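Chemist: Sequence and predicted structure are below.
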Amino acid sequence: FCFYSKEDFKPEMMKGKRVIVTGASTGIGEQMAYHLARMGAHVLITARTEAKLQKVVTWCLELGAASAHYMYGSMEDMALAEDVVKEAKRLWGGLDMLILNHIGYTYFNYFDGDVEHLRKLLEINFLSYVAMTVSALPVLKESGGSILVVSSTAGKVGIPFVAPYSATKFALDGFFSSLRQELIIENINVSITLCILGHIATETAEKTVSHVMQKPGAPKEECALEIIKSGALRKRELYYPYAAVRIPLLIRDWAPEFLDSFTRNRLNVENVKRS
Ligand SMILES: NC(=O)C1=CN([C@@H]2O[C@H](COP(=O)(O)OP(=O)(O)OC[C@H]3O[C@@H](n4cnc5c(N)ncnc54)[C@H](OP(=O)(O)O)[C@@H]3O)[C@@H](O)[C@H]2O)C=CC1
Ligand SMILES: CC(C)CCC[C@@H](C)[C@H]1CC[C@H]2[C@@H]3C(=O)C=C4C[C@@H](O)CC[C@]4(C)[C@H]3CC[C@]12C
C-alpha cells in the first residue's frame with residue numbers, strides 16, 4: 001500500500017514555479033537550473049562569477065524557462081544572502097522553492113589547523129544557508145513551498161581529509177532537522193529536504209578527489225534531477241546514489257568502527273601527501 005500510494009514526480013509539477021538555485025554557475029547547481037528550465041520554472045541563480053551565470057541564464061531561456069535571472073557575489077556576505085531572497089520577491093512577488101547548493105573552496109588533505117579557513121567555510125556553507133532560510137520563510141509559508149539543502153555523505157559520517165567541509169555539512173543536518181521538527185509542530189506547510197550525496201562527477205570533485213577514488217563519480221545530470229524530484233515530492237531526505245549512500249548510513253550506528261575502516265580502505269590514502 002505504501003509503495004503504490006506514493007505520489008510520482010511529473011515535470012509539470014514544476015511548471016511556473018519560482019525557484020532560487022545557489023551555486024548554479026557550474027556542477028550540480030548548473031544542471032538543476034537546466035532541468036528546471038526544461039520544466040518551465042522561473043529561475044534565479046547565484047554564484048560569484050558573473051560571466052558563467054550569464055551563460056547559464058541564456059541556456060535556461062533557450063531551454064524554456066518561464067524566466068531566468070542571476071545575482072552574483074560571495075555568500076560570505078550575509079547581506080547578499082538576504083538580497084537574493086529580496087530579489088525573488090521583487091521579480092515574482094513570492095517563492096516556491098529555495099535550493100541551497102553553493103559551497104566555498106576547500107582542500108582535500110590532512111587538517112592543517114587553519115581555524116580561519118573553517119570560520120570562512122562555516123559562513124559560506126552553513127550560515128548563509130540559515131540567513132537565506134530566515135529571509136525566505138515568510139514567503140515560503142504563503143506558497144506552501146520547499147527548502148532543499150544539499151549535503152553529503154561527509155555530513156553524516158566521518159570521512160578523512162575533509163574535516164572543515166564535513167563540519168559545515170554536519171551543521172546543516174543539526175540545524176535543518178531541528179527546524180523541520182518545529183515547522184511540523186506549528187503546522188507550517190514548508191518542507192525541508194536534506195539531500196545526502198555521494199561522489200558526483202563534477203569538474204571540481206574530479207579535480208579534487210580522482211586520485212583517491214577507486215571509481216568515477218555518479219552523473220551530475222541525474223543527480224540534479226533527483227534533487228529536484230525529492231523537493232517536489234517533499235521528501236525528508238534524499239540519498240543519491242542510493243546504495244552507495246544508504247548502506248554506509250545503515251551500518252553507521254550499528255558498526256561504527258567497521259564503517260570507519262571500510263571508508264579508509266575504500267580510499268587510496270597513500271595518494272594523499274601531507275601539504
Ligand atoms: N561533487 C561531489 O562529489 C559532491 C557534491 N556535494 C554537494 O553538492 C553541491 C554542489 O557541488 P558541486 O556541483 O560539486 O560544486 P561546484 O564546485 O561545481 O559548484 C560550486 C558552486 O558554488 C559557487 N561558489 C563557490 N564559492 C562561492 C562563494 N564563496 N559564494 C557563493 N558561491 C560560491 C561556484 O561558483 P563561483 O566559483 O563562480 O562562485 C559554483 O557555482 C555542494 O553543496 C556539495 O557540497 C555533495 C557530495 C558530493
Ligand atoms: C562509505 C565511503 C566509502 C564513502 C566515501 C565517500 C567520499 C569519499 C565522498 C563522499 C562525499 C565526497 C565529497 C563531497 O561531499 C564534496 C566535495 C566538495 C568538492 O568541491 C570536492 C570533492 C568533495 C570533497 C567530495 C570528496 C569525496 C567525498 C568525501
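Modeler: Sure thing, it's come through. Ligands and ions are numbered 1, 2, ... in the order given.

Chemist: going forward, measure contacts between C-alpha atoms and count neighbours the same way
Modeler: OK.

Chemist: How about the secondary structure of the nearest residue to Asn268 once chain neighbours are set aside?
Modeler: Closest residue to Asn268 apart from its sequence neighbours, by Cα to Cα, 6 or more residues apart in numbering: Val212 at 4.4 Å. State at Val212, reduced to three classes by DSSP: H, G, I helix; E, B strand; the rest coil: coil.

Chemist: can you give me the strands for the stretch 151-275 of the chain?
Modeler: In the stretch 151-275 of the chain, the strands defined using DSSP state E, counting those that start in this stretch lie at 191-197, 237-240.

Chemist: Nearest to ligand 2, out of those?
Modeler: Relative to ligand 2, the nearest member of the strands of the stretch 151-275 of the chain by Cα to the nearest ligand atom is strand 191-197, separated by 6.5 Å.

Chemist: Which elements pack onto that closest one?
Modeler: Other elements packing on strand 191-197 under the criterion 3 or more Cα pairs under 8 Å, 6 or more residues apart in numbering; DSSP states H and E are strand 146-152, helix 163-185, helix 220-232, strand 237-240.

Chemist: what sits up against that strand?
Modeler: Residues outside strand 191-197 that contact it (Cα atoms under 8 Å, 6 or more residues apart in numbering) are 145-153, 155, 173, 176, 180, 227, 230-231, 234-241, 245.

Chemist: again, 6 Å this time
Modeler: With Cα atoms under 6 Å, 6 or more residues apart in numbering as the test, strand 191-197 has contacts from 146-153, 234-240.

Chemist: wait, does it contact ligand 1?
Modeler: Yes: Strand 191-197 lies within reach of ligand 1 by Cα under 6 Å from any ligand atom, at Leu197.

Chemist: Which strands border that strand, and is each parallel or antiparallel?
Modeler: On the basis of DSSP bridges, the sheet neighbours of strand 191-197 come out as strand 146-152 (parallel), strand 237-240 (parallel).

Chemist: related to what we said a few turns ago, please produce a PyMOL select command covering the buried subset of the contacts of strand 191-197.
Modeler: In PyMOL syntax, the buried subset of the contacts of strand 191-197 is picked out as below (16 or more other Cα atoms under 10 Å):
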select buried, resi 146+147+148+149+150+151+152+153+234+235+237+238+239+240
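
Chemist: about what we covered before: so can I have TSV of the strands paired with strand 191-197 showing distance to Met78 and mean pLDDT?
Modeler: Formatted as TSV, the entries for the strands paired with strand 191-197 read as follows, by distance: least, Cα to Cα, whole Å; pLDDT from 0 to 100:
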stretch	distance to Met78	mean pLDDT
strand 146-152	17	99
strand 237-240	26	98
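
Chemist: Among those, which comes closest to Asp83?
Modeler: Nearest to Asp83, of all those, is strand 146-152, at 17.2 Å by Cα to Cα.

Chemist: thinking again about what came up before, would you list the helices and strands packed on strand 191-197 in a markdown table and tack on distance to ligand 1?
Modeler: Converted to a markdown table, the helices and strands packed on strand 191-197 look like this (distance: least, Cα to the nearest ligand atom, whole Å):
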| stretch | distance to ligand 1 |
| --- | --- |
| strand 146-152 | 4 |
| helix 163-185 | 8 |
| helix 220-232 | 8 |
| strand 237-240 | 9 |
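
Chemist: so of these, which one's packed in deepest?
Modeler: With neighbours defined by mean count of other Cα atoms under 10 Å, none of those is more surrounded on average than strand 146-152, at a mean of 25.

Chemist: Indicate whether that strand makes contact with ligand 2.
Modeler: Yes: where contact is defined by Cα under 6 Å from any ligand atom, part of strand 146-152 touches ligand 2, namely Ser152.
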